[in-house]
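J.: Sequence below, structure please.
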Amino acid sequence: MNRLVPFAMVLLASFSTAYADEGMWTLNGFPSDRVAKTYGFRPDQAWLTHVRQASVRLAQGCSGSFVSPDGLVMTNHHCAHRCIEQLSTLAKDLDKNGFYAKSRAEEPKCPELEVNQLIDIRDVSDTVHGATKGLDGKAFHDAQKAITSKLEAECQTSDSLRCEVVTLFHGGRYDLYTYRRYQEVRLVFAPEFAVAFFGGDPDNFMFPRYDLDVSFVRVYQDGKPAHINDYFTFSPVAPKSGDLTFVSGHPGRTAREQTTTELAYQRDFALVDRLIAYAELRGVLTEYQHRGAEQKRHSTAMLFGVENSIKAMAGMLDSLRDHAFFASKVREEEAFKAKLAKGDNAKANLEAFAAIGRAEDALTAIRVPLRYLEYGEGFGGKLFSIARMLLRGPVEREKANAVRLEEFADAALPQLTQSLFSPAPIYPELETLRLSHSFTKLREVLGADDPIVKKVLGQASPDELAEKLVKGTALASVAERRRLWDGGRAVVDASTDPMIALARLIDDDARAVRKKSEEEIDAVVKKNEELLAKARFDIYGTSVYPDATFSLRLSYGQVKGWDEGARHIEPLTTFAGAFARATGRDPFALPASWLSAQQKIDPATVFDIATTNDIIGGNSGSPVVNKNGEAVGLIFDGNIWSLGGDYGFDESKNRAVAVSTAAIFAALKKIYGADRIAAELVPAKPATK
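T.: Residues are numbered from 1 along each chain as shown. Coordinates of the predicted model:
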């Protein structure tokens with residue numbers, strides 16, 4: 001029996017009742033009065049500013065926070081896993097053995113990690129709306145792209161800044177976010193993978209949990225640790241049931257405001273397509289891991305991400321497939337339409353739903369070539385991605401900033417070039433496997449007689465072509481990538497590198513389907529979502545939170561358990577529970593460092609906690625903060641009931657899951673002897689006279 005099926009039934013309640021703890025709120029729209037009414041504490045502007053400046057975003061898709069004045073950042077082990085893996089070798093496996101830099105001189109640079117700190121928010125709604133007023137389709141797309149590029153370029157006066165126009169309420173509001181960008185990020189501490197992901201996939205999205213899913217990195221400026229004014233100190237008191245908690249982080253994407261036709265596309269096509277693709281890739285990677293210890297080491301992060309995505313998307317799909325839940329979304333939309341029919345601009349507002357529906361139909365028709373040609377599912381691996389960046393880079397950089405592909409805009413180039421010139425190792429055997437698998441899928445979904453398939457494969461088999469390309473390319477060399485990038489269009493055009501030749505072969509086809517998607521589908525959806533957002537404001541006001549957009553949000557809640565039928569799930573676990581749960585066999589095998597230190601640990605120390613905070617993917621690494629502005633935990637997961645959080649929130653069972661800072665501090669001191677880091681987190685108090 002599918003254990004996720006009941007979730008959507010419970011989720012139904014979230015659309016008829018406004019639960020107190022629901023919401024991923026922007027920092028300039030936080031409902032402090034509502035928190036005060038419920039919990040007796042009102043966050044003032046100084047408190048909110050402190051939280052904003054102490055919170056950070058990992059540009060690759062996670063959250064974090066400053067926890068010392070010397071640039072120390074706390075995040076999850078799984079958020080820093082790519083760095084940990086890239087710095088590892090078979091002889092020095094940081095994933096297996098953990099890592100602790102005993103001095104700052106021993107802190108190694110993460111090849112690709114970027115940390116962003118939000119330093120300013122400015123409302124630019126009037127400017128964006130004014131630029132697109134009265135426009136549709138391609139004209140709307142071009143005008144919106146031009147004005148956002150202009151605003152970002154004017155804001156980003158140096159590579160140390162990152163500026164983004166953030167779309168809120170699906171176009172009802174636009175804010176310009178200015179970040180301080182840190183690209184020199186060094187690894188400081190990471191525990192063994194065995195305890196960072198204790199319980200493995202069986203425990204993923206479950207509770208009780210016993211994970212020390214933490215890592216510490218440090219941001220540097222000009223070769224020295226960055227000085228930070230706002231940071232979270234560790235609370236001297238462990239969290240307890242009923243405590244008020246705040247979570248500041250960067251939830252990725254939610255769809256709580258989307259129309260039913262958009263949700264139906266996710267249910268019937270997008271989620272199904274992605275689940276099938278990830279399930280097949282999991283099988284390929286699992287086989288690869290059985291080839292040897294080195295293959296297992298350098299593919300673990302990828303397999304972890306695939307398995308995590310499968311479980312998350314399965315829960316999302318179950319939610320949308322629940323008839324009662326989807327019927328509630330239909331009723332909610334019909335009620336909104338009834339209100340629109342009585343207001344101004346009724347015809348245009350109601351037509352917006354139909355326009356979005358037609359756009360979703362158009363997306364359905366092109367989704368396969370879009371996924372396989374432009375999004376890269378037909379051309380797997382890092383080497384092809386590099387080849388495409390090198391091929392498109394000179395062409396796009398010759399254009400005005402406003403008309404480039406968005407990944408080549410001035411605001412995006414620092415992160416793109418950091419990735420392009422990363423010294424992280426590339427593994428030919430894994431590249432060959434991924435490319436061969438993707439060629440096989442390309443032929444399967446488009447058909448052996450498809451002109452693009454014939455053009456790509458010719459007479460070769462997927463295995464033969466993949467092996468030839470990986471062996472023949474020179475793009476594993478950072479020096480070669482830099483030569484091509486710096487050389488510009490003439491040098492790239494003259495290149496006979498087989499991977500660049502492949503990217504060149506399909507580039508016109510890929511660009512064409514992307515152009516159709518952006519100008520004929522995305523532009524229609526954005527324009528009409530914006531229209532509906534304005535109408536929603538007229539009816540309901542702005543006292544609601546926008547869908548998540550991987551921008552900084554703050555949620556509030558409390559440490560709280562929940563009921564599973566007749567069984568009550570307590571919100572706290574302890575070290576004693578971790579040792580009791582250990583079996584000595586993966587994924588329930590505690591590392592030797594823990595077993596040898598068991599007698600040093602207070603077994604009653606709070607380990608992991610569950611809270612009612614409203615979170616979603618992207619919140620990994622978010623700090624859990626108390627009303628004093630102190631860190632009491634570190635978000636790393638949600639429970640099984642949180643998997644439909646893209647579409648709604650149910651306070652009765654939806655829980656965020658975090659490791660307590662009490663557990664982190666105890667492990668640093670008692671298990672790892674990481675006194676340098678522990679002292680930085682909790683400085684010793686001067687002796688009193």
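
J.: for this protein, what's the longest helix?
T.: helix 293-321 (DSSP state H).

J.: What average pLDDT does that one get?
T.: The average pLDDT within helix 293-321 is 94.

J.: Next, the buried residues of the helix or strand just after that helix.
T.: Downstream of helix 293-321, the first helix or strand assigned by DSSP states H and E is helix 323-341. By 16 or more other C-beta atoms under 10 Å, the buried positions in helix 323-341 come out as F325, F326, S328, K329, E333, F336, L340. C-beta here means a position set from N, CA and C on the backbone, and glycine is covered the same way.

J.: R180 and S160 touch, don't they?
T.: Yes. Between R180 and S160 there is a contact at 6.6 Å, judged by C-beta atoms under 8 Å.

J.: Of the two, which one has the most company?
T.: Remark: of R180 and S160, R180 carries more neighbours, 18 against 13, as counted by other C-beta atoms under 10 Å.

J.: That one belongs to a strand?
T.: Yes. R180: assigned to a strand according to DSSP: H, G, I helix; E, B strand; the rest coil.

J.: Tell me the predicted confidence for the closest residue to it other than its chain neighbours.
T.: Spatial nearest neighbour of R180, chain neighbours left out: Q117 (4.5 Å); criterion: C-beta to C-beta, 6 or more residues apart in numbering. Note on Q117: pLDDT of 98.

J.: who's in contact with V195?
T.: D211, L212, L590, P591, W594 (C-beta atoms under 8 Å, 6 or more residues apart in numbering).

J.: Could you measure from the first one over to Y372?
T.: Translated: D211. When distance is defined by C-beta to C-beta, to the nearest Å, D211 is 36 Å away from Y372.

J.: Over to the fourth one?
T.: To Y372, P591 is 41 Å away according to C-beta to C-beta.

J.: Of those two, which one has the most company?
T.: Higher neighbour count among P591 and Y372: Y372, with 24 against 19, using other C-beta under 10 Å.

J.: follow-up on the earlier one: report the angle between the longest helix of the chain and helix 323-341.
T.: 60 degrees (axes from the mean of the first three to the mean of the last three C-alpha atoms, to 10 degrees).

J.: buried set for helix 293-321?
T.: Quick answer for helix 293-321 (16+ other C-beta under 10 Å): 295-321.

J.: Show me the strands in the stretch 501-650 of the chain, by range?
T.: 553-558, 562-564, 567-569, 572-574, 606-611, 623-625, 631-638 (DSSP state E, counting those that start in this stretch).

J.: Could I get those strands in TSV, plus columns for mean pLDDT, distance to T261 and mean neighbour count?
T.: Compiled in TSV, the strands of the stretch 501-650 of the chain are given as follows (pLDDT from 0 to 100; distance: least, C-beta to C-beta, whole Å; neighbours: other C-beta atoms under 10 Å):
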stretch	mean pLDDT	distance to T261	mean neighbour count
strand 553-558	98	26	26
strand 562-564	95	33	14
strand 567-569	96	37	11
strand 572-574	98	42	21
strand 606-611	98	34	27
strand 623-625	98	37	28
strand 631-638	98	27	27
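
J.: quick one, which of those strands is nearest to R291?
T.: Of all the strands of the stretch 501-650 of the chain, it is strand 631-638 that lies closest to R291, at 29.9 Å by C-beta to C-beta.

J.: Show me what the closest one is packed against.
T.: strand 72-75, strand 244-249, strand 623-625, strand 656-660, helix 661-666 (3 or more C-beta pairs under 8 Å, 6 or more residues apart in numbering; DSSP states H and E).

J.: Pairing partners for the second one, with directions?
T.: When you say that, I think you mean strand 244-249. strand 553-558 (antiparallel), strand 623-625 (antiparallel) (DSSP bridges).

J.: Then the fourth one?
T.: Strand 656-660 has these partner strands in its sheet, going by DSSP bridges: strand 606-611 (antiparallel), strand 631-638 (antiparallel).

J.: Could you list the residues in contact with it?
T.: 207, 209, 211-214, 238-239, 247, 557, 606-615, 619, 624, 632-639, 642.

J.: so where's the stretch 401-550 of the chain shaky on pLDDT?
T.: Scanning the stretch 401-550 of the chain for pLDDT under 70 picks out 542.

J.: for it, what spans make up the helices?
T.: 413-420, 428-446, 451-457, 462-472, 478-487, 489-494, 498-516, 523-540 (DSSP state H, counting those that start in this stretch).

J.: Dump the fourth one to CSV, keeping only the CA atoms.
T.: Translated: helix 462-472. This file holds the C-alpha atoms of helix 462-472, laid out as CSV (Å, rounded to 0.1, in the frame of the first residue of the first chain):
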residue,chain,number,x,y,z
PRO,A,462,24.9,5.0,-28.4
ASP,A,463,27.8,3.2,-26.6
GLU,A,464,30.2,3.6,-29.6
LEU,A,465,29.4,7.3,-30.1
ALA,A,466,29.6,8.1,-26.4
GLU,A,467,33.0,6.4,-26.0
LYS,A,468,34.4,8.1,-29.1
LEU,A,469,33.3,11.6,-28.0
VAL,A,470,34.6,11.3,-24.4
LYS,A,471,37.9,9.8,-25.5
GLY,A,472,38.3,12.4,-28.3
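
J.: and it, how far out from the chain's middle?
T.: In terms of C-alpha atoms, centre = their mean, to the nearest Å, the gap separating the centre of helix 462-472 from the centre of its chain is 32 Å.

J.: Compute the inter-axis angle for it and helix 498-516.
T.: Going by the same axes, to 10 degrees, helix 462-472 makes 110 degrees with helix 498-516.

J.: Pipe the strands paired with strand 656-660 into JSON lines and attach distance to S660 per row.
T.: Shown next, in JSON lines, are the strands paired with strand 656-660 (distance: least, C-beta to C-beta, whole Å):
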{"stretch": "strand 606-611", "distance to S660": "5"}
{"stretch": "strand 631-638", "distance to S660": "5"}
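
J.: so which of those strands gets nearest L113?
T.: Using C-beta to C-beta, the nearest of the strands paired with strand 656-660 to L113 is strand 631-638, at 17.3 Å.

J.: Against which helices or strands is the longest helix of the chain packed?
T.: So helix 293-321, by 3+ C-beta pairs under 8 Å, 6+ apart, packs with helix 5-11, helix 81-86, helix 94-97, helix 271-289, helix 428-446.

J.: rerun that using 7 Å as the cut-off
T.: helix 5-11, helix 81-86, helix 271-289, helix 428-446 (3 or more C-beta pairs under 7 Å, 6 or more residues apart in numbering; DSSP states H and E).

J.: pLDDT averaged over the shortest one - what is it?
T.: Translated: helix 81-86. 95.

J.: Grab the nearest non-local neighbour of E529.
T.: H170 (3.7 Å).

J.: Also R82?
T.: Per C-beta to C-beta, 6+ apart, closest to R82 is A301, 5.6 Å.

J.: list the contacts for that neighbour?
T.: H81, R82, E85 (C-beta atoms under 7 Å, 6 or more residues apart in numbering).

J.: Distance of it relative to P591?
T.: 18 Å.

J.: same deal with S55?
T.: Distance from S55 to P591, by C-beta to C-beta: 30 Å.

J.: before we move on, what about E262?
T.: For E262, the distance to P591 - C-beta to C-beta - is 45 Å.

J.: How about Q558?
T.: 33 Å.
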